[in-house]
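Visitor: this one's structure only:
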């Protein structure tokens, strides 16, 4: 169970690492720093409030795989084995189906 509870329109994402090793065992360097990141949504906040003070619910659900802007998330490390990303729902560009 995750020990982070996001507030407002923040989400907690577990990053999905892209395989940078070929089938023959060669390691490939990261070529494009502009590529978007992917991750699995582990927790979502309740949503943001609009200008009238009404709660706007989140569109994402726990368990979805999302594509987000590479430089948007903040890295959160709770322990050596628990590394997550925290980002706003508006930084998510797509849901992988």
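Guide: Received the coordinates, thanks. Everything quoted here is computed from the prediction, not taken from an experiment. Residues are numbered from 1 along each chain as shown.
Visitor: List the residues that contact residue 86.
Guide: Residues near residue 86 by C-beta atoms under 8 Å, 6 or more residues apart in numbering: 4, 6, 10, 11, 12, 13, 73, 74, 76. Any C-beta I mention is one placed from the backbone N, CA and C, and that applies to glycine too.
Visitor: Of those, grab the buried ones for ChimeraX.
Guide: Of the contacts of residue 86, the buried ones go into a single ChimeraX selection, burial set by 16 or more other C-beta atoms under 10 Å:
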select :6,10,11,12,13,73
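Visitor: Could you measure from residue 62 over to residue 42?
Guide: Residue 62 is 7 Å from residue 42, where distance means C-beta to C-beta, to the nearest Å.
Visitor: In terms of neighbours, single out the busier of these two.
Guide: Taking other C-beta atoms under 10 Å, residue 62 and residue 42 do not tie; residue 42 has more neighbours (17 against 13).
Visitor: any idea which element that one lies in?
Guide: strand 37-44 (DSSP states H and E).
Visitor: now that strand: mean pLDDT?
Guide: The pLDDT scores in strand 37-44 average 95.
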